[in-house]
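# model this:
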Amino acid sequence: MSSLSIAVLDAATLVIEDHSDITECGEGTVQLLTRLADAILSASSSSSETETRESHLARTEDLLRLARQKLHAYPFSSVPLCWRALFTDASILKACLQIAVLESSGSNDDTPIIHTLDTALIMAGSPGMGRREAIEQILSELDSSYPAVDAEEIKFDTEKAEAPEITHPIPRLKEPSLELFQRLISTSNKPIIMTGCLEHWPAMEDRPWSNPGYLLSLTNSGKRLVPVEVGKTYTDASWSQQIIPFKEFLSTYMSPGDNLTPGYLAQHNLFSQIPSLRNDIAIPDYCYSTPPPPPPNVKETELLDEPTINAWYGPRGTVSPLHTDPYANCLAQVVGRKYVRLYEPGAQVYPRGRDQRTGVEMGNTSRVDVEGGWKEKKEGEEGSEGLTKEEWEKFREVKYLETVLEEGEILYIPAGWWHYIRSLEVSFSVSFWWN
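Modelled structure (predicted):
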């Protein structure tokens, strides 16, 4: 029996032995799920089972359709656990059946299986004991069993934007000790840049994230799915989100060309989805300090057990509009450079209200287009949430700090500080939020 077959059987067994998280989905749903898992364990791999497999695949689609409806009925943070667990388990069983079909067909295209499992990771978060590990094992065995053939080489765009002149610089410190860092944030609690702190990260040199080929090798030859924000910023009416293969993301948005619409892999827990990338970085010691209490403009948050790690990966020109976060942040720059501007928590930066199109509260995001200047907008015109001329003139007088964040540097952003970020070239950053 192949290692892939063993991974399939282990995954199906897991669904049968522990389905407590989905009991609230209803007895009939639980029974259907466990019958499908039992069928996978007892199924023959002969071609005569094709019709049965297709029937079982149709039943997994029924379960996924039910779970997907529930996922879309709530904000992600409020989705009941049972529906996320059902989506995960149904996806695992669907992938097991897809593998059986693949092996009996003689094909070597494992892309649909990878997409099934990645969709579960991205949309549902793969809750439940052993689920994430089971998915990771299947994906690893697929990578070994179905390697890419004649993979197309991808090269990053090397063009760089001119950096603005820095007139209000953020102070830089060479590898400050944790004790010194704690003292600084306990007294003044202002942005600081730490240099020389990432030299030991494999992502910088030994396993460089600046090499597209290396990144493809960790993503099943680029077949893994990633969520991408398409558009200049999330405040634009034309902004959208897509889930696309990693290789398509690289070739479409990161390669040389005239793509006028940027794509940004932003604020995504890529390292939970693809743990092999997590091995290339380390949580900075500074994230084990105790930051001061957040300012009044920050909503209250629960205490994090460990830092929240997110990836920010995109081409030249990607922008995070002026906004504020409720956590202290160590922003580590692994590839490329970024222009960053910061304003104190109490600065007059004209926060937005509730978005009229989506109903989402946007009070943590400013109406200011920091580098775009002011231009008169007509009533009802797209973007009319911008500033009046008088507001823009007042904003120009607000004091700020700024920097060009270089490769290998860490920027400490205190909770509540407003920050605007623009990539000057292909850029890969990692944020570490803690409180």
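# which stretches of the stretch 201-350 of the chain form strands?
Using DSSP state E, counting those that start in this stretch, the strands of the stretch 201-350 of the chain run over residues 225-230, 240-245, 263-268, 308-314, 319-323, 328-335, 338-343.
# could the ones you listed go into a markdown table alongside distance to T388 and mean pLDDT?
(C-beta placed from N, C-alpha, C; glycine too.) Shown next, in a markdown table, are the strands of the stretch 201-350 of the chain (distance: least, Cβ to Cβ, whole Å; pLDDT from 0 to 100):
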| stretch | distance to T388 | mean pLDDT |
| --- | --- | --- |
| strand 225-230 | 29 | 96 |
| strand 240-245 | 29 | 94 |
| strand 263-268 | 29 | 94 |
| strand 308-314 | 31 | 97 |
| strand 319-323 | 17 | 95 |
| strand 328-335 | 31 | 98 |
| strand 338-343 | 19 | 98 |
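# please identify which of the ones you listed is closest to H200.
Ranking the strands of the stretch 201-350 of the chain by their distance to H200 (criterion: Cβ to Cβ) puts strand 328-335 first, at 12.1 Å.
# ok, and what's touching that closest one?
Contacts with strand 328-335, where a contact means Cβ atoms under 8 Å, 6 or more residues apart in numbering, come from 185, 197-198, 201, 203-204, 209-210, 281, 284, 286-287, 291, 307, 340, 405-415, 426-435.
# partner strands of that strand, with direction?
The sheet places strand 328-335 alongside strand 410-413 (antiparallel), strand 427-434 (antiparallel), with pairing taken from DSSP bridges.
# most packed of the ones you listed?
strand 410-413 (a mean of 24; mean count of other Cβ atoms under 10 Å).
# read off the pLDDT value for L102.
pLDDT recorded at L102 is 93.
# can you pull the contacts of it?
Counted by Cβ under 8 Å, 6+ apart, L102 has contacts D109, D110, I113.
# measure it to C96 for me?
11 Å (Cβ to Cβ, to the nearest Å).
# I166: which element?
Using DSSP states H and E, I166 maps to neither a helix nor a strand.
# going by neighbour count, list what's buried in stretch 189-201.
By 16 or more other Cβ atoms under 10 Å, the buried positions in stretch 189-201 come out as N189, K190, P191, I192, I193, M194, C197, L198, W201.
# whoops, I mixed them up, stretch 236-248
I244, P245, F246, K247, E248.
# for it, C-alpha coordinates in PDB please.
C-alpha atoms of stretch 236-248 as PDB (Å, rounded to 0.1, in the frame of the first residue of the first chain):
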ATOM      1  CA  ASP A 236     -12.000  51.200  -3.800                       C
ATOM      2  CA  ALA A 237     -15.400  50.300  -5.200                       C
ATOM      3  CA  SER A 238     -13.700  48.100  -7.800                       C
ATOM      4  CA  TRP A 239     -11.800  46.100  -5.200                       C
ATOM      5  CA  SER A 240     -12.500  42.400  -5.100                       C
ATOM      6  CA  GLN A 241     -11.100  39.100  -3.700                       C
ATOM      7  CA  GLN A 242     -10.200  35.900  -5.600                       C
ATOM      8  CA  ILE A 243      -8.900  32.500  -4.600                       C
ATOM      9  CA  ILE A 244      -6.400  31.400  -7.300                       C
ATOM     10  CA  PRO A 245      -3.500  29.000  -7.600                       C
ATOM     11  CA  PHE A 246      -0.200  30.400  -6.200                       C
ATOM     12  CA  LYS A 247       1.500  30.000  -9.600                       C
ATOM     13  CA  GLU A 248      -1.200  32.000 -11.300                       C
END
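# tell me where this protein is predicted with low confidence.
Within the chain, the stretches with pLDDT under 70 are 44-50, 149-151, 258, 355-359, 375-385.
# I'd like the distance between the residue nearest the centre of it and Y288.
When Cα atoms, centre = their mean is applied to the chain, the residue found nearest the centroid is H268 (1.0 Å). Here H268 is placed at a distance of 24 Å from Y288 (Cβ to Cβ).
# now do E300
E300 is 22 Å from Y288, where distance means Cβ to Cβ.
# between these two, which one's more packed in?
A direct count of neighbours by other Cβ atoms under 10 Å for E300 and Y288 places Y288 higher, at 13 against 6.
# tell me how far that one lies from Q182.
From Y288 to Q182 the distance is 9 Å (Cβ to Cβ).
# chain center to the longest helix along the chain: distance?
Using DSSP state H to define each element, the chain has its longest helix at helix 81-105. Distance, stretch centre to chain centre, for helix 81-105: 23 Å (Cα atoms, centre = their mean, to the nearest Å).
# helices or strands up against the helix or strand following it?
Using DSSP H and E, the helix or strand that follows helix 81-105 in sequence is helix 111-124. For helix 111-124, the helices and strands in contact under the criterion 3 or more Cβ pairs under 8 Å, 6 or more residues apart in numbering; DSSP states H and E are helix 50-71, helix 81-105, helix 131-145, strand 225-230, strand 240-245, helix 270-273.
# what about helix 111-124, distance to the chain center?
14 Å.
# got the contact list for it?
The contact list for helix 111-124 (Cβ under 8 Å, 6+ apart) reads 67-68, 71, 84-85, 87-88, 91-92, 94-95, 98-99, 102, 126, 132, 135, 138-139, 142, 220, 223-227, 243, 245, 272-273.
# got the angle for it vs helix 131-145?
Orientation of helix 111-124 against helix 131-145 (axes from the mean of the first three to the mean of the last three Cα atoms, to 10 degrees) gives an angle of 160 degrees.
# ok, and for helix 111-124, which residues are buried?
Neighbour counts using 16+ other Cβ under 10 Å place I113, I114, H115, T116, L117, D118, T119, A120, L121, I122, M123, A124 of helix 111-124 among the buried residues.
# count the residues that sit near A11.
If you count neighbours by other Cβ under 10 Å, A11 ends up with 25.
# OK, contacts around the residue nearest to the centre of the chain?
V226, P227, N310, A311.
# next one: A95
Counting by Cβ under 8 Å, 6+ apart, A95 makes contact with A11, I113, T116, L117, I135, I138.
# next, format those as JSON lines and append distance to L331.
Listed next are the contacts of A95 as JSON lines, based on distance: Cβ to Cβ, whole Å:
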{"residue": "A11", "distance to L331": "37"}
{"residue": "I113", "distance to L331": "35"}
{"residue": "T116", "distance to L331": "33"}
{"residue": "L117", "distance to L331": "30"}
{"residue": "I135", "distance to L331": "29"}
{"residue": "I138", "distance to L331": "33"}
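# and those, which is closest to L178?
So of the contacts of A95, ranked by how close each gets to L178 (Cβ to Cβ), first place is I135, at 35.8 Å.
# that closest one touches G125, doesn't it?
No - I135 lies out of contact with G125 (Cβ atoms under 8 Å); the separation is 11.1 Å.
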